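1. What would the 3D arrangement of this be:
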Amino acid sequence: MGRADSLPLERAVAMPPGFYLGADMLAQDRALVFARSWQLVAHRDELRDAGDHVVTQIADVPVLVVRGDDGVLRAFPNVCRHRAGPLALESGRGARALHCRYHGWTYGLDGRLRRAPEMQDAVGFEVKDVCLPLLAVAEWLGLVFVNPDREPAPFETVVAGIATRIAPTDFGGMQLVHRQDYEVQCNWKVYVDNYVEGYHLPHVHRALTGALDYRNYNVEVADWYSLQHSPVADDATAYGAGQAWYYFIFPSTMLNIMPGRLQANRVLPLAPDRCRVEFHYYYLPDPGVRARMAADLQFTHQVQLEDGAICGSVQRALASGFYEPGRLSPRHEAGVWHFQRLLRAAYARPAGVPK
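-> Have a look, this model is predicted:
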């Protein structure tokens with residue numbers, strides 16, 4: 001049948017279970033996938049003014065994003081150039097400088113070292129010569145992304161076509177209203193596989209299937225993202241009337257767009273069989289939209305519980321020794337095929353991955 005990563009959708013086969021198991025595979029995910037890709041880290045409102053900063057983690061890289069005095073958004077490794085102390089311990093507002101919490105070295109918001117206490121006897125050491133390395137950062141429709149890769153793919157190519165498709169929606173005008181994290185007992189890729197297909201909706205999410213027009217539920221793929229979209233049923237009071245857009249941006253960003261609201265999710269690997277999914281809910285400051293908020297939160301929570309249960313069952317089955325890769329549905333699983341092709345391309349750089 002040829003190499004699995006080169007098969008067209010009509011002949012596609014799911015990835016073998018070895019890709020979802022073991023510490024070695026997880027290490028490759030962190031090094032070859034997460035550390036080399038664009039990750040959603042914040043909303044514009046969290047970084048509105050000079051000194052506003054966000055502390056996060058991408059793979060094994062601690063990340064600090066800060067708005068400079070000049071209005072420029074910058075991202076740095078949250079690692080002091082002295083002896084690797086943290087420059088910030090938590091997100092915050094209005095910092096005037098970045099102070100290492102280990103030995104007190106102080107950097108400007110532009111990353112340049114300003115002060116290094118008691119270093120006067122270090123021969124040849126000059127404060128002006130020290131600067132934090134920059135990470136790639138991008139603002140887009142009110143969302144902030146960071147890529148730790150030294151040669152990142154241009155961000156514009158990653159999201160090409162999305163803004164035009166969802167216009168006039170701009171997430172920057174929305175407000176963060178609710179956050180909730182879920183820990184799911186499955187490999188992070190099992191969770192993503194589940195997200196990028198609607199094939200399971202009638203069997204796992206009866207209420208969600210009723211809220212969407214499943215007969216007109218379609219899947220499209222681009223270079224770096226996939227899209228599932230459907231009209232929203234008229235009686236879907238939690239969502240309102242309109243169009244539902246489910247964007248997945250490789251490798252772990254999910255943008256669930258309903259009329260007047262954005263639910264932004266990020267999937268983080270914690271262990272070979274465990275991941276955390278961060279849910280951030282943004283709403284327009286519109287009374288009609290806000291009136292649906294409580295129902296939306298409750299409805300989405302139930303959907304997530306259903307997803308967590310089925311993903312946990314799949315993970316256990318993958319580890320059972322009795323699963324052999326099955327064929328994919330061309331009608332419903334183009335998103336799975338697309339995601340797994342991108343994964344295989346990332347893994348192809350080194351040797352020694354499961355075949």
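
2. Contacts only, for residue 191.
-> Contact analysis of residue 191 by C-beta atoms under 8 Å, 6 or more residues apart in numbering lists 184, 267, 275, 277, 307, 311. (Each C-beta comes from the backbone N, C-alpha and C, glycine too.)

3. Check the spacing between it and residue 71 real quick.
-> According to C-beta to C-beta, to the nearest Å, residue 191 and residue 71 sit 37 Å apart.

4. Likewise for residue 183?
-> 37 Å.

5. more neighbours, the two?
-> residue 183 (11 against 8; other C-beta atoms under 10 Å).

6. Do you have the helices of the stretch 201-350 of the chain handy? List them.
-> Taking DSSP state H, counting those that start in this stretch as the criterion, the stretch 201-350 of the chain carries its helices at 201-204, 206-211, 287-291, 293-318, 334-347.

7. Serialize the ones you listed to a markdown table and add fields for mean neighbour count and mean pLDDT.
-> As requested, the helices of the stretch 201-350 of the chain are exported to a markdown table (neighbours: other C-beta atoms under 10 Å; pLDDT from 0 to 100):
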| stretch | mean neighbour count | mean pLDDT |
| --- | --- | --- |
| helix 201-204 | 14 | 96 |
| helix 206-211 | 17 | 90 |
| helix 287-291 | 12 | 85 |
| helix 293-318 | 16 | 96 |
| helix 334-347 | 21 | 97 |
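
8. Out of the ones you listed, which is closest to residue 252?
-> Closest of those to residue 252 is helix 334-347, at 10.2 Å (criterion: C-beta to C-beta).

9. Please pick out the residue of the protein most distant from its centre.
-> No residue in the chain sits farther from the centre than residue 121, which is 45.4 Å out by C-alpha atoms, centre = their mean.

10. of all the helices of the stretch 201-350 of the chain, which lies closest to residue 102?
-> helix 334-347 (33.8 Å).

11. Residues in contact with the helix or strand of the chain with the lowest mean pLDDT: which ones?
-> When the helices and strands of the chain are scored by mean pLDDT, DSSP states H and E, helix 287-291 comes last with a mean of 85. For helix 287-291, the external contacting residues (C-beta under 8 Å, 6+ apart) are 240, 259, 260, 261, 283.

12. now with 7 Å?
-> Helix 287-291 is contacted by residues 260, 261, 283 when judged by C-beta atoms under 7 Å, 6 or more residues apart in numbering.

13. Now do the end-to-end distance for stretch 157-166.
-> End-to-end distance of stretch 157-166 (C-alpha to C-alpha, to the nearest Å): 17 Å.

14. Would you pull up how far it lies from the middle of the chain?
-> 16 Å (C-alpha atoms, centre = their mean, to the nearest Å).
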